[in-house]
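Asker: dropping a prediction and its sequence here:
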Amino acid sequence: MKKSYVDIETLKFLLFQVHQIKEVLSQEHFAEYDEGSIELFLDSVKDFADKEMFPYFKEMDERPAHFKDGEIIVHPQIGNYMKMAGEMGFIGAPFPYDIGGLQLPSMAINASAFIQETANNHMPGYAGLTLGAAELIVHFGNESLNETFVPNMISGKWGGTMCLTEPQAGSSLSDIVTSAEPNGDCFTIHGQKIFISGGDHQGAENIVHLVLARIKGAPAGTKGISLFVVPKHRPKPDGSLEFNDVTTVADFQKMGQKGYCTTHLFFGDKEDCKGWLVGEPNQGLKYMFMMMNGARIAVGRGAAAIATAAYHAALSYAHERPQGRELERTGKKDVSQEQTLIINHPDVRRMLLVQKVVSEGALSLVFLTSKYHDLSVSLANEKERARYRLLLELLTPVVKTYPSEMGITAVNNGVQVLGGYGFCSDYILQQYLRDIRIFAIYEGTTGIQSQDLLGRKITMENGKALMLLSEEIQQSIKSAMTYESLVPYAKKLGEKLALTQSVLQFLMRFAGQGDYQRFLADATPFMEFFSTIIIGWQWLVIGTHAQHTLVTGASTYSQEFYEGKIHAMKFYFTYELPKTQGLSEILMSPESLTLNSDKKIFA
């Protein structure tokens, strides 16, 4: 059996050693678990992913989900996956024991999902969205909604979705027009939603949609949006199901993630679609966005997983493919010698190292933000919980964006490693490149995340979150400075912190003058600048832990493993971190070349 492309040693190193999951497990809420039980859980997930997910990865691309006779046809393994996801606790993982959950920390949940996504990124979304929809009901729904829907969702018997986007209102949720009219103890829902992942399939007996809609007479804009549970089939008092007038109109055919259906749904074609209000009226967007941190971490995690799988696929090829000969000291090639493996060519090694530093740095950030989430909900001290909430808020747009954008760059390098074969369907790299492209669009595009980072998160509470993050980074720099070999890299990161202050001082002048258009015009280059520094921080932390292990001799893995991490850290600081200098010049340029004006720029 061919196993999926994941480095389980690196995952465990980041989870157990670098990010110290034991600090989370020491909290009372997670007291039932220790490092040993988490490791056993992850080993079982890896075995499951190898057997039940990876063998169907290419097949799902070749046999895409599609619309036929009024429904979406998906690969039959989706149904098996939903059933097993329920049995193994993937859907119920974060929920308390008393409602059938596993009460696992986010760090372990994201590690589990990452392993699955490296095996087959088309499948986990079905369970992940079901989890997200169930979370909304658990947190904000009444007792009746919880009893009616949540148990069947946690078991994998029923699926779940989140329905936000409409044809006339993409990311502009204030413009949604789906309506909800009071009808006894429920509401009559009418409207349509597009780009609904997992919106209809035979892998579940029912699909429970969490729908944003506007109650008739509600205030305009986002202040008038409410949240409703709208199942495809509504439960009857005797436990049977009846059609709830939720019609599948089409399935979008995509360049990647073809096994993960993306549907167009119509609610109330026959005026018989019933929905049940979640929480209070006009609070729907607030409820939805309370769950958004987890969703955005999940997007970054998925992109990191694809980048990781692509890296290991390219690395495997580079160790097997002979091509050309190494240059001798004279600069010439000895054609009488046998061809060398391409792993020996410096440019191939450079491309592989790009993949390595992006994918492992991204996974490290996923675990860091997961840890911040766990501590923000489990610590006894409210002041400390608030500290981690702020750190999580600040880094959420980064953890969503860096793996998604740089993941594309990383996978593209993997395709290049294979040369012409990378462009051919016989090899898996082209599929990874097509699959990862959507992640920069999921859950808010890069532009939206960038404006959130610069316009909201950097400035919130008068910059308190940024101050807290600076303290965290300074502490890591201090730790690294205790090792002579790491001093140059620690100093470089310190210089980048100072550069960040210079950039922000320049940009904040525009905000102070009320010129918010100019302030946010280059939010996306700022995201690239800021996230490159954040990943540099992650690599310094990784390098420090590796160096500490080599010095103390308390190693779990081989000496080669830790030396490889230090080498990757050096590569990141040499090839990636310097890019921030050029980005800072863009950000502090006196020119404003992208703002709208009377000049006719585009012919």
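Answerer: Right, received. Where do you want to start? Numbers count the residues shown, from 1 in each chain.

Asker: residue 312 is in contact with residue 8, isn't it?
Answerer: No. Contact criterion C-beta atoms under 8 Å: residue 312 and residue 8 do not qualify, at 11.0 Å. All C-beta atoms are positioned from the backbone trio N, CA, C, and that covers glycine.

Asker: please report how far residue 274 lies from residue 267.
Answerer: The span separating residue 274 from residue 267 equals 10 Å under the rule C-beta to C-beta, to the nearest Å.

Asker: overlap of the contact sets of these two?
Answerer: 189, 230, 245 (C-beta atoms under 8 Å, 6 or more residues apart in numbering).

Asker: just the ones of those residues in helices?
Answerer: Judged by DSSP state H, the shared contacts of residue 274 and residue 267 include no members of helices.

Asker: would a markdown table of the residues you listed with pLDDT and distance to residue 57 be doable?
Answerer: Shown next, in a markdown table, are those (pLDDT from 0 to 100; distance: C-beta to C-beta, whole Å):
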| residue | pLDDT | distance to residue 57 |
| --- | --- | --- |
| 189 | 98 | 36 |
| 230 | 98 | 32 |
| 245 | 97 | 36 |
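
Asker: which of the residues you listed has the largest number of neighbours?
Answerer: The most crowded member of those, judged by other C-beta atoms under 10 Å, is residue 230 (30 neighbours).

Asker: spatially nearest residue to that one (excluding sequence neighbours)?
Answerer: Take residue 230 and drop its neighbours on the chain: the residue closest to it by C-beta to C-beta, 6 or more residues apart in numbering is residue 275, 4.1 Å away.

Asker: which segments of this protein make up each domain?
Answerer: 8-290, 291-324+339-444, 447-590 (automatic domain parsing).

Asker: tell me how far the last one lies from the chain's centre.
Answerer: I take that to be domain 447-590. Centre-to-centre, domain 447-590 and its host chain are 20 Å apart (C-alpha atoms, centre = their mean, to the nearest Å).

Asker: for it, what is the average pLDDT?
Answerer: For domain 447-590, mean pLDDT rounds to 97.

Asker: that one: end-to-end distance?
Answerer: Taking C-alpha to C-alpha, to the nearest Å, the first and last residues of domain 447-590 lie 22 Å apart.

Asker: what does the first one give?
Answerer: Between the opening and closing residues of domain 8-290 we find a distance of 31 Å, counting by C-alpha to C-alpha.

Asker: any idea which of the shared contacts of residue 274 and residue 267 is the one closest to residue 216?
Answerer: Proximity of these to residue 216, judged by C-beta to C-beta, is greatest for residue 189, which lies at 11.4 Å.

Asker: more neighbours: residue 274 and residue 267, which one.
Answerer: Regarding residue 274 and residue 267, a neighbour count based on other C-beta under 10 Å identifies residue 267 as having more, with 26 against 21.

Asker: list the contacts for that one?
Answerer: By C-beta under 8 Å, 6+ apart, the neighbours of residue 267 are 178, 189-193, 211, 230, 245-247, 273, 275.

Asker: on that earlier part again, would you tell me which one of the domains of the chain is buried the most?
Answerer: Of the domains of the chain, the one with the most neighbours on average (mean count of other C-beta atoms under 10 Å) is domain 291-324+339-444, at a mean of 21.

Asker: state the mean pLDDT of stretch 263-275.
Answerer: The predicted model gives stretch 263-275 an average pLDDT of 97.

Asker: residue 60: which element?
Answerer: Following DSSP states H and E, one finds residue 60 within helix 57-62.

Asker: who's in contact with the following helix or strand past that helix?
Answerer: Using DSSP H and E, the next helix or strand after helix 57-62 towards the C-terminus is strand 66-68. For strand 66-68, contacts defined as C-beta under 8 Å, 6+ apart pick out 72, 73, 248, 250, 251, 253.

Asker: per-residue pLDDT, residue 331?
Answerer: pLDDT recorded at residue 331 is 60.

Asker: what does residue 65 give?
Answerer: Looking at residue 65, its pLDDT reads 96.

Asker: next, give phi and psi for the residue nearest to it when sequence neighbours are not counted.
Answerer: What sits nearest to residue 65 in space, not counting adjacent residues and going by C-beta to C-beta, 6+ apart, is residue 261, at 3.7 Å. Per-residue torsions, residue 261: phi -70, psi 150 (degrees, to the nearest 10).
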